[in-house]
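J.: With the input below, show me the fold.
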Amino acid sequence: MKKQLIAAAVAATMTSVAMADVSITGNSKFEYFNTETSTGSTNTTNTEVNLGIAGKNGDTSVVANLEFNTHDAASNTVSAMDIEDLYMTTKIGDVTVKAGNYASSTSALLGEIDEGGRSDNKVTLSGSNGGVSWYLGNSGSAGEGATQIDGNMFVGASMDVAGWKVQAKHNSPTVDSFGISGAVSGLGVRLETKKNDTANSDVTFGQLDYTVGDIALTYAFLDVDDTDSLVGETDSAIFAVENGGKASARDNMQISAKTSVAGNSVTVKSGSLDKGISATADLDYMQVAVSRPLASGATLAATYTDKDDSATTDTQILEIDLSVKF
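T.: The predicted structure follows:
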């Protein structure tokens, strides 16, 4: 009996050790949408669950980020399961290696211009020497297949200059990007530009932040040489209405204010998307968002968006989210 107890204790210890470097994090939300136009209104819901699974052994980590969601209320089934990220990171000397399927965030260089660059067979090497952070890699290719070299290669670097972060990246044989961010006298500045060898194909993004009392003010813009094909981002962290998906859209200008009222976070955004409806019609929009953490650990949020839907029709969308992170 004692031997059995000892064996069970040892097995339990081994299980704990084996699981010590594995973590599961995630978030979930339930969304309700009420959409009104001059032709009527619709009500839809969506449930989304995101799971992040990470395993680590020394300096090597493996990450899998999964998304589950459903838009099909009739069948009450999960209509989509997406493996958003699947990659490994490790160290070779002072060089960090990241390989697999992953994307850059909207806070990265060109994050508010490009969609994020998620692709298969992606490899990035990075490090730091003499105060300069550098990276180079291969953006991979869609679907399975050998990692391509030539046109999919990229290289970039960043460094601090007098408190400002200066960045440069050679995205592809025809595209280069540059960025600078920092603050002066309380004014936050972020400025990025995408230079394309093709005529009339450049895009510039800018953001200015300033806080007055309890109110955080932001002015953001996209200066687009030509049509929306130059801006791929469709999940902006800044703009209430993105350029992505609008065939004739060009410049986007938005002002916003964020503050706290009685424990609620309140954000108001107002902007205009040049030629966002058609080659002769702009898309004006306004958005009010309110969120509040609940005692249960969840967060309740309501977002109201009023935007031009066509040259003669407005669309109003009320979105209510109940979300939690774990």
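J.: When you work out contacts or count neighbours from here on, use the C-alpha atoms and nothing else.
T.: OK.
J.: quick one, helices of the protein?
T.: 2-19 (DSSP state H).
J.: Would you mind listing where it has pLDDT under the threshold?
T.: 1-20, 71-79, 117-120, 140-151, 227-228 (pLDDT under 70).
J.: Now do the same contact list for Asp85.
T.: The contact partners of Asp85, by CA atoms under 8 Å, 6 or more residues apart in numbering, come to 63-66, 100-103.
J.: Name the member of those that has the highest neighbour count.
T.: Using other CA atoms under 10 Å as the neighbour criterion, Tyr102 leads the contacts of Asp85 with 25 neighbours.
J.: For it, which residues count as its bridge partners?
T.: Beta bridges link Tyr102 to Ser119, judged by DSSP bridges.
J.: so it touches Thr124, yeah?
T.: No. With contact defined as CA atoms under 8 Å, Tyr102 does not reach Thr124; the gap is 10.3 Å.
J.: Now do the residue lying closest to Gln167 once chain neighbours are set aside against Ser23, distance only.
T.: Once flanking residues are discounted, Gln167 sits nearest to Ser158: 4.3 Å by CA to CA, 6 or more residues apart in numbering. According to CA to CA, to the nearest Å, Ser158 and Ser23 sit 31 Å apart.
J.: before we move on, what about Ala108?
T.: In terms of CA to CA, Ala108 sits 25 Å off from Ser23.
J.: Then Leu294?
T.: Taking CA to CA, one finds Leu294 at 25 Å from Ser23.
J.: again, but for Thr315
T.: For Thr315, the distance to Ser23 - CA to CA - is 42 Å.
J.: Looking at those two now, which is surrounded by more residues?
T.: For the pair Thr315 and Ser23, the greater number of neighbours falls to Thr315 (17 against 12), based on other CA under 10 Å.
J.: burial measure for Lys122, as a count.
T.: Count around Lys122 with other CA under 10 Å applied: 24.
J.: again, but for Leu230
T.: Neighbour number of Leu230 under other CA under 10 Å is 21.
J.: check contacts around the residue nearest to it when sequence neighbours are not counted.
T.: Excluding the flanking residues, the one nearest Leu230 by CA to CA, 6+ apart is Ser201, at 6.7 Å. The contact partners of Ser201, taken as CA under 8 Å, 6+ apart, are 195, 224-226, 230.
J.: swap the cut-off to 10 Å and go again
T.: 175, 194-195, 224-227, 229-230 (CA atoms under 10 Å, 6 or more residues apart in numbering).
J.: Torsion angles phi and psi at Pro173?
T.: phi -60, psi -20 (degrees, to the nearest 10).
J.: Kindly tell me how buried it is, as a neighbour count.
T.: 13.
J.: now do the one 3 residues further on
T.: The criterion is other CA under 10 Å. On that basis, Asp176 has 19 neighbouring residues.
J.: what's the spacing between it and Lys122?
T.: Taken as CA to CA, the span from Asp176 to Lys122 is 19 Å.
J.: Check Arg190 too.
T.: Arg190 is 27 Å from Lys122, by CA to CA.
J.: Repeat that for Thr313.
T.: In terms of CA to CA, Thr313 sits 43 Å off from Lys122.
J.: contacting residues around the nearest residue to Lys258 once chain neighbours are set aside?
T.: Once flanking residues are discounted, Lys258 sits nearest to Thr267: 4.3 Å by CA to CA, 6+ apart. By CA under 10 Å, 6+ apart, Thr267 lies in contact with 215-217, 256-260, 287-291, 303.
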